[in-house]
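**Q** below: sequence and its predicted model.
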Amino acid sequence: MKQVLTIAGSDSGGGAGIQADIKTFQELDVFGTSVITAVTAQNTLGVTDVAPVPLHNIEKQLQAVGEDFEIAALKTGMLFDAETIQTVAKYIKHYKWQHLIVDPVMIAKGGASLLQEEAKDSLIEHLLPLATVVTPNIPEAEALSGISITDEKTRREAAEKILQSGAQGVLVKGGHSEDPDFTEDFYLDQHGGSLVLRSSRIPTKHTHGTGCTFSAALTAEFAKGHSIEEAFLTAKQFIQSAIEHSLNIGAGHGPTNHSAYRHHAQKELIRYVH
Ligand SMILES: Nc1ncnc2c1ncn2[C@@H]1O[C@H](COP(=O)(O)OP(=O)(O)O)[C@@H](O)[C@H]1O
Ligand SMILES: Cc1ncc(COP(=O)(O)OP(=O)(O)O)c(N)n1
């Protein structure tokens with residue numbers, strides 16, 4: 001069984017972070033390991049506390065995984081501060097881990113900050129150059145590029161700017177767009193190759209953890225040796241099912257349903273090159 005790693009924060013509410021990643025890995029038949037960078041007190045209503053894990057312990061977790069597992073692909077999620085980002089980058093290089101998906105988690109849906117403001121530059125300088133794919137949502141793509149995304153042209157410009165960091169590919173997720181009918185995710189690589197996957201927008205507030213789940217699915221598919229096109233398609237189908245059958249659990253934004261992809265037939269996505 002392929003072994004994968006998530007380096008991210010814990011969500012006590014179980015819908016995002018490490019918990020979403022491990023559930024997704026399990027559903028997609030890869031063996032999930034984890035390095036926990038921060039512990040959030042969180043539920044469907046929001047984040048009430050964030051406790052960074054001491055750097056020494058993060059290093060010990062990275063070593064414990066690196067010394068014993070063959071990591072076929074990995075993802076990063078909530079990294080919280082610059083020191084953690086630099087340490088994570090150091091160990092990714094040390095263990096020569098390939099197929100890195102960087103989900104540049106910055107702000108939770110409820111508005112809580114999951115990355116210190118001054119850590120953004122560290123992310124761009126130290127982690128993005130190692131990334132196979134960076135998966136910002138629209139506000140994150142704007143923050144990383146300094147470009148306001150209002151249409152397809154500015155989305156592409158923002159993606160091009162992010163690629164200047166040295167990442168091999170960037171996938172701008174469309175969950176935050178104002179389109180009432182569709183969500184469109186846009187992939188662009190260093191060679192100008194691009195792909196857009198569009199799906200119908202599901203009218204639900206239960207979307208807690210969509211970005212974590214999507215990037216974990218990409219990681220699992222890369223570990224199995226799939227190309228970016230194949231991995232992107234599976235991840236989009238996985239998240240579409242998970243949102244379509246999302247769970248009305250808790251009083252706020254409920255979690256997505258990680259087992260839905262296994263149980264429900266896949267609807268066709270609209271796919272085109274841009
Ligand atoms: N209401 C929705 N209906 C269908 N797909 C959605 C919906 N909201 C988000 N998505 C999809 O979920 C994935 C995560 O996107 P997004 O919500 O933008 O990320 P994040 O959780 O990081 O903010 C993307 O593939 C996006 O298109
Ligand atoms: C611990 C932790 N990590 C990441 C997130 C953000 O998750 P995301 O998938 O972007 O979903 P929302 O929080 O925006 O619903 C998180 N909340 N907690």
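**A** Looks like it came in fine. Ligands and ions are numbered 1, 2, ... in the order given.

**Q** now do the same contact list for the closest residue to ligand 1 within the stretch 1-150 of the chain.
**A** Scanning the stretch 1-150 of the chain for the residue nearest ligand 1 gives Asn137, at 3.5 Å (criterion: C-beta to the nearest ligand atom). For the C-beta atoms, the positions are set from N, CA and C on the backbone; glycine is no exception. With contacts defined as C-beta atoms under 8 Å, 6 or more residues apart in numbering, the neighbours of Asn137 are 172-173, 175-176, 211.

**Q** for the residues you listed, which single residue is the most surrounded?
**A** Counting neighbours by other C-beta atoms under 10 Å, Val172 leads those with 28 neighbours.

**Q** touching, it and Glu157? I think so.
**A** No: with contact defined as C-beta atoms under 8 Å, Val172 does not count as touching Glu157 (10.8 Å).

**Q** what about the top helix by length along the chain, near ligand 1?
**A** When the chain is scanned for its longest helix (criterion: DSSP state H), the result is helix 228-244. Yes: under the criterion of C-beta under 6 Å from any ligand atom, helix 228-244 makes contact with ligand 1 via 236, 239-240, 243.

**Q** could I get those as JSON lines with neighbour count and distance to Ser145?
**A** Conversion of the residues of helix 228-244 next to ligand 1 to JSON lines gives the following (neighbours: other C-beta atoms under 10 Å; distance: C-beta to C-beta, whole Å):
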{"residue": "Lys236", "neighbour count": "23", "distance to Ser145": "22"}
{"residue": "Ile239", "neighbour count": "30", "distance to Ser145": "23"}
{"residue": "Gln240", "neighbour count": "23", "distance to Ser145": "26"}
{"residue": "Ile243", "neighbour count": "22", "distance to Ser145": "26"}
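
**Q** near ligand 2, which residues of the stretch 1-150 of the chain show up?
**A** Contacts of the stretch 1-150 of the chain with ligand 2, taken as C-beta under 6 Å from any ligand atom, map to 8-11, 16-17, 40, 42, 77-78, 105, 108-109, 114.

**Q** can you list those in CSV and add distance to ligand 1, neighbour count and pLDDT?
**A** Supplementary listing: these in CSV, determined by distance: C-beta to the nearest ligand atom, whole Å; neighbours: other C-beta atoms under 10 Å; pLDDT from 0 to 100:
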residue, distance to ligand 1, neighbour count, pLDDT
Ala8, 12, 30, 98
Gly9, 13, 29, 98
Ser10, 17, 21, 98
Asp11, 12, 26, 98
Ala16, 8, 30, 98
Gly17, 11, 29, 98
Thr40, 15, 24, 97
Gln42, 14, 26, 97
Gly77, 10, 27, 98
Met78, 11, 27, 97
Val105, 7, 25, 96
Ala108, 9, 23, 88
Lys109, 7, 19, 84
Leu114, 11, 22, 93
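
**Q** of these, which belong to strands?
**A** Where these overlap with strands, as defined by DSSP state E, the overlap consists of 8-11, 40, 42.

**Q** Val30: which of those is nearest?
**A** Proximity to Val30 was ranked across those by C-beta to C-beta; first place goes to Ala8, at 15.7 Å.

**Q** once you drop chain neighbours, what's closest to that closest one?
**A** Spatial nearest neighbour of Ala8, excluding adjacent residues (C-beta to C-beta, 6 or more residues apart in numbering): Gly77 at 3.1 Å.

**Q** for Val196, what are phi and psi?
**A** With angles defined as degrees, to the nearest 10, Val196 sits at phi -120, psi 130.

**Q** report the separation between it and Asp185.
**A** Distance of Val196 to Asp185, given as C-beta to C-beta, to the nearest Å: 7 Å.

**Q** the more surrounded of these two?
**A** Taking neighbours as other C-beta under 10 Å, Val196 and Asp185 compare with Asp185 leading, 23 against 20.

**Q** please state the offset of whatever helix or strand the more buried one lives in from the chain centre?
**A** Mapping Asp185 onto the secondary structure by DSSP states H and E places it in strand 182-189. When distances are taken as C-alpha atoms, centre = their mean, to the nearest Å, strand 182-189 is centred 14 Å away from the chain's centroid.
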